[in-house]
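Colleague: How does the following fold in three dimensions:
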Amino acid sequence: MKKFVQFPWYPILLSLYPALNLLGHNISQVAIAAGARSLLVSGLAALLLSLLFRLIYRDWYRAAFIAAAWLLLFFSYGQVFEVINDKWKPANLSNWLLGIWAGLFILVLVIGALRRLHFSSAVLIANFVSIGLLIYPAYLAVHWTMLHSQPLAMTPLGPEPALHVTAERDLPDIYYIIPEDYGREDQLKSWDNIDTSQFVQWLKDTGFYVAECSQSNYAMESELSIGSALNMDYLQALSPKFTAANLDQGPIWNALRYNSVEADLKKIGYKTVAFATGFAWSELNNSNVYIAPPLLWSSLTSFEIQLLRTTPVQRLQDAGVIDLTEIDGERYRERTMLDFNSAAALAHMPGPKFVFIHILSPHEPFVFGPDGRPIDPAPFLNKDQLYTQEQYMRGYEQQVPFVDMQFEKMFTTLIAQSSRPPVIILQTDTAPLFTSGSDMFKILNAYYMPGHTAQLYPGISPVNTFRVVFNAYLGTDLPLLSDTSYSSPIPQIYDFTAVPNPCPAR
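Modeller: Coordinates of the predicted model:
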């Protein structure tokens, strides 16, 4: 035991800290599994470095010191660069800092070779300090995951919906399709002169009811709007946890993951289907069927790319040797096209089924041209990998025609190849970024419900969507709620303030 405790484990432990720290502090946006590969690769790299320097120096303690110092330099490069650049913005900072870091790498080798230094005396302290560094981010990740892995205790809608299903009633497949930040026709026209009238007319000609005065119930945070829709009620009425003082995003995650619509449909024999999105909060991987593109060792995830940006690999991006933005964009394209190209397979999948498809387009990153060809997302970003309003609008208008074209193909396939007429809900979560006032809430909201549109009206909002669907197809008699929109600031995302809807009430 003494030998085990005094062995220099700290290079491996320290190598885990950057990925674990990034994971812990972003656990409200990514699943805990997102960091698994980074942790594994970092740990293996530390082990290999230790073995290499053990062969060179024939001393585990010297090898551990050099390996740990090299890893700390490697993972601290990006943070040091950002601090200096934000404060002083010196010219040619990348070149200067890379030169300094190369010198520090060499200096570590020289120090490690000094025979008068005895690195074994500090091993115990280094091991315990390394363990201490890991405790807090590990706690953040594990605590969040455990705390938000159970259904949210929600206030019932009232009496449980009486789902009247008989042998004679044909249960339709229900598709809930959410294009991220797709604005309403009039909003897009006034905001950036984007004309979607042809697509909206195609929807109408195909049999969709388009709610021309629809607004989302919440803005800024997509999960608020989708969570409310999937639970058929306003968040404030669902749980006391949705209060202004609560900054925890966990309740809305749980409200999405264990939503009322899926729970009710499963009771009457529906199978649930969901797709990967890249955003953990909307990845309903507890569905009966969960569809995701394969994760290859040759491909990088968004989490891994963000971690690499904290290392000298970012310098390779600056020099044009690699393009991390394009690598991330290709993964985004892969997920998006999997959504659109699955229409035929979904239509032929035995039902009844509820299909949840959250498509992160025309939202950024902007990686599709109007005709669907890949485009480089980098020109739409500034040097800090952020968007100005102008850059965002230019990228957004590139992707809208592509999304419209793909939806036309998708819906044509679903309608033509389904064994019975499906229910298709095409509903945006919120309007595009850089909108304000009532424009923040104006959304595309269209329903394919042939012969069952009696309860639809121009100003219907997402909170009433599944009340209408259940009433029309499942024999319920759920009352429709008032269509109200709420704004809330970040990070007080549950501090709701009602925003007047300029559209007339039903």
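Colleague: where along the stretch 51-200 of the chain do the strands fall?
Modeller: 174-179 (DSSP state E, counting those that start in this stretch).
Colleague: ditto for the stretch 351-500 of the chain
Modeller: Under DSSP E, counting those that start in this stretch, the stretch 351-500 of the chain gives strands at 353-359, 423-427, 445-448, 485-487, 497-499.
Colleague: Quick one: closest of those to Thr388.
Modeller: Thr388 lies closest to strand 485-487 among these, at 22.9 Å (Cβ to Cβ). Yep, even glycine has a C-beta here, placed from its N, CA and C like the rest.
Colleague: about what we covered before: could the strands of the stretch 351-500 of the chain be laid out in a markdown table, adding distance to Met1 and mean neighbour count?
Modeller: What follows is the strands of the stretch 351-500 of the chain, written out as a markdown table (distance: least, Cβ to Cβ, whole Å; neighbours: other Cβ atoms under 10 Å):
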| stretch | distance to Met1 | mean neighbour count |
| --- | --- | --- |
| strand 353-359 | 51 | 23 |
| strand 423-427 | 60 | 23 |
| strand 445-448 | 65 | 24 |
| strand 485-487 | 59 | 20 |
| strand 497-499 | 60 | 12 |
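Colleague: Mean pLDDT and distance to Ser461 added to these, as JSON lines?
Modeller: Shown next, in JSON lines, are the strands of the stretch 351-500 of the chain (pLDDT from 0 to 100; distance: least, Cβ to Cβ, whole Å):
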{"stretch": "strand 353-359", "mean pLDDT": "97", "distance to Ser461": "18"}
{"stretch": "strand 423-427", "mean pLDDT": "98", "distance to Ser461": "10"}
{"stretch": "strand 445-448", "mean pLDDT": "98", "distance to Ser461": "8"}
{"stretch": "strand 485-487", "mean pLDDT": "95", "distance to Ser461": "7"}
{"stretch": "strand 497-499", "mean pLDDT": "92", "distance to Ser461": "12"}
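Colleague: Include distance to Trp101 when you put those into CSV, please.
Modeller: Below are the strands of the stretch 351-500 of the chain laid out as CSV (distance: least, Cβ to Cβ, whole Å):
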stretch, distance to Trp101
strand 353-359, 41
strand 423-427, 49
strand 445-448, 52
strand 485-487, 45
strand 497-499, 49
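Colleague: can you pull the contacts of the most centrally placed residue in the chain?
Modeller: For the chain, Phe279 is the residue whose C-alpha lies nearest the centre (Cα atoms, centre = their mean; 1.7 Å). For Phe279, the contact set (Cβ atoms under 8 Å, 6 or more residues apart in numbering) comprises Gln29, His358, Leu360.
Colleague: mind running it again at 10 Å?
Modeller: Gln29, Val30, Ala31, Glu180, Ser222, Glu223, Ser302, His358, Leu360 (Cβ atoms under 10 Å, 6 or more residues apart in numbering).
Colleague: Quick check: the gap between the last one and Glu283.
Modeller: Meaning Leu360. 11 Å (Cβ to Cβ, to the nearest Å).
Colleague: hey, what's in contact with both of these two?
Modeller: Residues touching both Leu360 and Glu283 (Cβ under 10 Å, 6+ apart) are Thr277.
Colleague: which strands and helices sit next to the host helix or strand of Ile226?
Modeller: Ile226 belongs to helix 222-231 when assigned by DSSP states H and E. Applying 3 or more Cβ pairs under 10 Å, 6 or more residues apart in numbering; DSSP states H and E, we find helix 222-231 packed against strand 174-179, helix 235-238, helix 250-257, helix 260-267, strand 353-359, strand 423-427, helix 465-473, strand 485-487.
Colleague: please redo it, this time with the cut-off set to 6 Å
Modeller: Packed against helix 222-231, as judged by 3 or more Cβ pairs under 6 Å, 6 or more residues apart in numbering; DSSP states H and E, are the following elements: helix 250-257.
Colleague: His348: neighbouring residues, count only.
Modeller: Counted with other Cβ atoms under 10 Å, residues neighbouring His348 total 11.
Colleague: which stretches of the stretch 301-450 of the chain have low pLDDT?
Modeller: 383-384 (pLDDT under 70).
Colleague: could you redo the last one with a cut-off of 90?
Modeller: In the predicted model of the stretch 301-450 of the chain, residues 301-302, 314-326, 328, 351, 376-388, 419-420, 436-438 satisfy pLDDT under 90.
Colleague: which residue ranges form the helices in it?
Modeller: 302-308, 313-318, 324-341, 343-348, 389-417 (DSSP state H, counting those that start in this stretch).
Colleague: Gly43: what's it in contact with?
Modeller: Ile12, Ser15, Leu16 (Cβ atoms under 6 Å, 6 or more residues apart in numbering).
Colleague: what do you get if the cut-off is 10 Å, keeping everything else the same?
Modeller: Pro11, Ile12, Leu13, Ser15, Leu16, Ala19.
Colleague: Assign a three-state SS to it, would you?
Modeller: helix (DSSP: H, G, I helix; E, B strand; the rest coil).
Colleague: sorry, back to before: will you turn the helices of the stretch 301-450 of the chain into CSV that also has distance to Val5?
Modeller: As requested, the helices of the stretch 301-450 of the chain are arranged in CSV below (distance: least, Cβ to Cβ, whole Å):
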stretch, distance to Val5
helix 302-308, 30
helix 313-318, 35
helix 324-341, 40
helix 343-348, 55
helix 389-417, 54
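Colleague: any idea which of these is most buried?
Modeller: Ranked by mean neighbour count under mean count of other Cβ atoms under 10 Å, those are led by helix 302-308, which reaches a mean of 20.
Colleague: how distant is it from the center of its chain?
Modeller: Distance of helix 302-308 from the chain centroid (Cα atoms, centre = their mean, to the nearest Å) equals 14 Å.
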